[in-house]
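Engineer: One predicted model, sequence on top.
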Amino acid sequence: MELKSSHVSPVLTEPVPMNKSRLGIHSSLLSYSQQDAASAPAKYTRSGSRKSVGSLDDVRCNGYLDAMKASSPPRKKVVKSCNNNTHLSAFDSDNEDYTSWTLDYPSALHYFENITERAKNKQIAMFLDYDGTLSPIVDDPDAAYMSEPMRATVTSVAKHFPTAIISGRSRDKVFELVKLRELYYAGSHGMDIIGPVSDTLSNNHPDCVKSTDYEGKEISLFQPAKEFLPMIDEVFRTLVDITKHIKGAKVENHKFCVSVHYRNVDENNWITVGQLVHDMLKDYPRLRSTHGRKVLEIRPVIDWNKGKAVEFLLDSLGLTNRDDVLPIYIGDDKTDEDAFKVLRESNRGYGILVSSVRKESNALYSLRDTSEVMKFLQLLVNWKRQQDDDKKQAPFLGIWF
């Protein structure tokens, strides 16, 4: 089957224009609704210039709200007729839409043999997102635990393939949730990476240094956004303070980025969350906001993302510029699109999007949920074991022929 070879990458929020950079104290931020903003009089900025409220700011705020809703599809409910007659339910409609979507993004389970056919005699390198991929999306981010069967599966994957988890969470938090020392970890969307020791990387990347991992083994530590740490800490404290009155809002410090969760916030208050983040970023032109699943993520404006983290780890593993390597990246979020794009454009491997709803993506294949992710990984491990067994038996087969 000829797969669709070009998709438009989801558009991330544009960074705030790079005006004069400053760490400074943020402006006074007050909670207000869209109606308040529309009726509010003009106010003055710190520089004393007159500033209109409810025009350009309101347009930007509406853009935030649209993006927040687009990133957070509502859960569908089954519609039942009162007379029990057969009708197309919302669930059936979703399934029909999902089925047509998989024509462009085929199931990695259904096309497993196609994937393994290309993987023959190649070294698979496995890259995994965490939330929504290894662990279901839950209302409380701190309760996003990986199941024991999934942990056992990932352990088996790591025994057969070099494996890394690349997450928006802090690297330490991901390790705390995963608790597997056989893996490599990249936190903060790839801005905090531990990988194998590589003198070449240390020489070529000034932000790459030799360090020790969770077991005390020597590793390479790469942190391209170290200079932003004071700024991220300040923004975290600010966001905690200005969102504390919004019921359900939760702010997390992921070391090199900050997440503002609105999953448990009443939808009528989403615009307030978006406006607060939008207003705060005016004082931090070196930071930008991107949208995830019911979360706004504030991170540095640097040329670094999950795609570059994949390239860094491949280089660190000594797997760059080799024809016998097949990287596979599995993820569910917009931030994973950068990794999908790297693999697609270089025609090096496969991006697999985890989604039960229609999405445009740079991935080649799809999986519906975490249970399908686990099944795919188990199939891959079993296939690898069979390949290894066949290689061991090959010399003896020659004698019998």
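Structural biologist: Yep, that arrived.
Engineer: So which residues of the stretch 151-300 of the chain form helices?
Structural biologist: 171-178, 199-204, 229-243, 270-281 (DSSP state H, counting those that start in this stretch).
Engineer: Mind listing what's buried along the first one?
Structural biologist: By 16 or more other Cβ atoms under 10 Å, the buried positions in helix 171-178 come out as Arg171, Lys173, Val174, Phe175, Leu177, Val178. To be clear about C-beta, it is placed using only N, CA and C from the backbone, and glycine gets the same treatment.
Engineer: Now render those residues as CSV, adding distance to Leu134 and pLDDT.
Structural biologist: Listed next are the buried residues of helix 171-178 as CSV, based on distance: Cβ to Cβ, whole Å; pLDDT from 0 to 100:
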residue, distance to Leu134, pLDDT
Arg171, 15, 94
Lys173, 14, 94
Val174, 10, 95
Phe175, 13, 94
Leu177, 9, 94
Val178, 8, 95
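Engineer: still on that earlier bit, which one of the helices of the stretch 151-300 of the chain lies nearest to Thr99?
Structural biologist: Across those, Thr99 has its closest neighbour in helix 270-281 (30.7 Å, Cβ to Cβ).
Engineer: just how off-centre is the closest one within its chain?
Structural biologist: 21 Å (Cα atoms, centre = their mean, to the nearest Å).
Engineer: That helix packs against which elements?
Structural biologist: helix 56-70, helix 229-243, strand 287-292, strand 295-300 (3 or more Cβ pairs under 8 Å, 6 or more residues apart in numbering; DSSP states H and E).
Engineer: how about that helix as PDB, C-alpha atoms only?
Structural biologist: Extracted in PDB, the C-alpha atoms of helix 270-281 (Å, rounded to 0.1, in the frame of the first residue of the first chain):
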ATOM      1  CA  TRP A 270     -10.700  28.400  29.900                       C
ATOM      2  CA  ILE A 271     -10.600  31.900  28.400                       C
ATOM      3  CA  THR A 272      -9.400  33.300  31.700                       C
ATOM      4  CA  VAL A 273      -6.600  30.700  31.900                       C
ATOM      5  CA  GLY A 274      -5.600  31.500  28.300                       C
ATOM      6  CA  GLN A 275      -5.700  35.300  28.900                       C
ATOM      7  CA  LEU A 276      -3.600  35.000  32.000                       C
ATOM      8  CA  VAL A 277      -0.900  33.000  30.200                       C
ATOM      9  CA  HIS A 278      -1.100  35.300  27.200                       C
ATOM     10  CA  ASP A 279      -0.700  38.400  29.300                       C
ATOM     11  CA  MET A 280       2.100  37.000  31.300                       C
ATOM     12  CA  LEU A 281       4.100  36.000  28.200                       C
END
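Engineer: 358 is where my numbering starts, stick with that
Structural biologist: All set: I'll call the first residue 358, so the last point we hit is now helix 627-638.
Engineer: tell me the angle of that helix relative to strand 652-657?
Structural biologist: 10 degrees (axes from the mean of the first three to the mean of the last three Cα atoms, to 10 degrees).
Engineer: Lys583: how many residues sit nearby?
Structural biologist: 11 (other Cβ atoms under 10 Å).
Engineer: Identify the residues contacting it.
Structural biologist: Asp564 (Cβ atoms under 8 Å, 6 or more residues apart in numbering).
Engineer: now do Val495
Structural biologist: Ala501.
Engineer: and of the helices of the stretch 508-657 of the chain, who's closest to Asp745?
Structural biologist: helix 528-535 (25.3 Å).
Engineer: Check which helices and strands that closest one is in contact with.
Structural biologist: Judged by 3+ Cβ pairs under 8 Å, 6+ apart, the packing partners of helix 528-535 are strand 541-544, strand 549-552.
Engineer: Which residues does it contact?
Structural biologist: So helix 528-535 is contacted by 487, 491-492, 501-503, 508, 511, 522, 524, 526, 542-545, 549-551, 571, 611-612 (Cβ under 8 Å, 6+ apart).
Engineer: Looks like His546 contacts Gly664 (just checking).
Structural biologist: No: counting by Cβ atoms under 8 Å, no contact exists between His546 and Gly664, whose distance comes to 10.1 Å.
Engineer: Any chance of the helices and strands packed on helix 627-638 in TSV with distance to Phe669 as columns?
Structural biologist: Rendered in TSV, the data for the helices and strands packed on helix 627-638 read as follows (distance: least, Cβ to Cβ, whole Å):
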stretch	distance to Phe669
helix 413-427	28
helix 586-600	19
strand 644-649	20
strand 652-657	16
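Engineer: out of the ones you listed, deepest packed?
Structural biologist: strand 652-657 (a mean of 24; mean count of other Cβ atoms under 10 Å).
Engineer: As TSV, the helices and strands packed on helix 528-535 with mean pLDDT and mean neighbour count would be great.
Structural biologist: Formatted as TSV, the helices and strands packed on helix 528-535 follow (pLDDT from 0 to 100; neighbours: other Cβ atoms under 10 Å):
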stretch	mean pLDDT	mean neighbour count
strand 541-544	95	24
strand 549-552	91	25
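Engineer: Switch those strands over to a markdown table; also include distance to Ser457.
Structural biologist: Formatted as a markdown table, the helices and strands packed on helix 528-535 follow (distance: least, Cβ to Cβ, whole Å):
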| stretch | distance to Ser457 |
| --- | --- |
| strand 541-544 | 34 |
| strand 549-552 | 38 |
